[in-house]
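# Quick one: sequence plus predicted model below, questions after.
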Amino acid sequence: MSNRIKAIAFDLDGTLYFGSRAVEGAVEALKELEANHIQLFFFTNNSAKTVRQIVTKLHSLGFNATERNTYTASSACARYLEQQRLGLVYLIGSDDFRKDLEHRGIAIAEPEKAAAVVVGLDFGLTYERIAGALQAILHGARLVVANIDASYPVEHGHRLPGCGAMVGAVVGASGHQPDFIAGKPSTYMLELLCSDQGLGQKEICVVGDSIESDIEMADRFQCRSILYDHFDMFKDYLRDRATSFKHIINILN
Ligand SMILES: [Mg+2]
């Protein structure tokens, strides 16, 4: 079975690195996989940074990332908007998200002119921005969101509100549920990967630390997955589970 795996989609945060530190053995393991002609891809629900910034971080940690093999929720949003010809959008999101949109020819518009409201993580979200999103939706704009993650982990076991909190404000104001979700556990990034690389779903394996996000995406896509359980917390998990990168290689062999 493992012989059929041609590509691996790695989650980033909690799998390849914690904060600014690469996980022990990860860089070496990925080099070994590449030497065995496995294609590597980097998947993140991050919606606040540009693809280029994510690639730069991966590079600095020793991973062989490029803009071609890195998929972020915000860049996936931009590709969806481009595919759907939704060229004018009202954005709740960071300046870097706006750059990824503009890179795909998507322009920021006033609420009344927007074909879609796009939502990513926004550290400066205001009442006025929510009001703008409501106006756009009342004028018929679709709601396209990077992800619906409720919160994300930071240092010392603390958590901060995620993109889902921004989506919740817009949904709460408008009563309009998201028309499209780009990030995990939606399968859209895997669909892009398959069409970009000419791969089939049975040729891909997802490796990630989140059952609700990474493994759920793989299950919905009906591809293989390995739960990366760095802290050995999911002992009852009955499927492929690895507590180290050596272990991941063993499972794949
Ligand atoms: Mg993760």
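Received, thanks.

# in the stretch 1-150 of the chain, what residue is nearest the ion?
Gly14 (3.5 Å; C-beta to the ion). For the C-beta atoms, the positions are set from N, CA and C on the backbone; glycine is no exception.

# For burial, what's the neighbour tally of that residue?
19 (other C-beta atoms under 10 Å).

# Then Arg104?
The burial count for Arg104: 15, using other C-beta under 10 Å.

# quick one: pLDDT of Glu158?
Residue 158: His, not Glu. If you check His158, the pLDDT there is 88.

# And for Ala35?
96.

# hang on, the earlier thing: ok, the residue of the stretch 1-150 of the chain closest to the ion touching Asp229?
No - Gly14 lies out of contact with Asp229 (C-beta atoms under 8 Å); the separation is 10.2 Å.

# list residues touching both of these two?
Residues touching both Gly14 and Asp229 (C-beta atoms under 8 Å, 6 or more residues apart in numbering): Asp209.

# quick revisit: tally of neighbours for the nearest residue to the residue of the stretch 1-150 of the chain closest to the ion once chain neighbours are set aside?
Closest residue to Gly14 apart from its sequence neighbours, by C-beta to C-beta, 6 or more residues apart in numbering: Asp209 at 3.9 Å. By the criterion of other C-beta under 10 Å, Asp209 has 22 neighbours.

# need the contact list for Asp209.
Contacts of Asp209 by C-beta under 8 Å, 6+ apart are 11, 14-15, 227-230.

# what's the closest residue to His103 other than its chain neighbours sitting at in phi/psi?
If the residues on either side of it in the chain are set aside, His103 comes closest to Ala78, at 6.9 Å by C-beta to C-beta, 6+ apart. As for Ala78, its main-chain torsions (degrees, to the nearest 10) stand at phi -60, psi -40.

# Run through the strands of the stretch 101-250 of the chain in chain order.
107-108, 116-119, 142-145, 151-153, 159-161, 180-181, 204-208, 224-228, 241-242 (DSSP state E, counting those that start in this stretch).

# So which residues make contact with the second one?
Going back to what we said before, that points to strand 116-119. 77, 81, 86, 88-93, 97, 101, 133, 136-137, 141-146, 163, 166-167, 170, 178.

# Filter those residues down to the ones in helices?
77, 81, 97, 101, 133, 136-137, 163, 166-167, 170 (DSSP state H).

# filter those residues to the buried ones?
Among these, those scoring as buried are 77, 81, 97, 101, 133, 136-137, 163, 166-167, 170 (criterion: 16 or more other C-beta atoms under 10 Å).

# Please tabulate these in JSON lines, including the columns pLDDT and distance to Gly157.
Shown next, in JSON lines, are these (pLDDT from 0 to 100; distance: C-beta to C-beta, whole Å):
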{"residue": "Cys77", "pLDDT": "97", "distance to Gly157": "30"}
{"residue": "Leu81", "pLDDT": "98", "distance to Gly157": "36"}
{"residue": "Phe97", "pLDDT": "97", "distance to Gly157": "27"}
{"residue": "Leu101", "pLDDT": "97", "distance to Gly157": "34"}
{"residue": "Ala133", "pLDDT": "98", "distance to Gly157": "32"}
{"residue": "Ala136", "pLDDT": "98", "distance to Gly157": "37"}
{"residue": "Ile137", "pLDDT": "98", "distance to Gly157": "36"}
{"residue": "Cys163", "pLDDT": "97", "distance to Gly157": "21"}
{"residue": "Met166", "pLDDT": "97", "distance to Gly157": "23"}
{"residue": "Val167", "pLDDT": "98", "distance to Gly157": "25"}
{"residue": "Val170", "pLDDT": "98", "distance to Gly157": "29"}
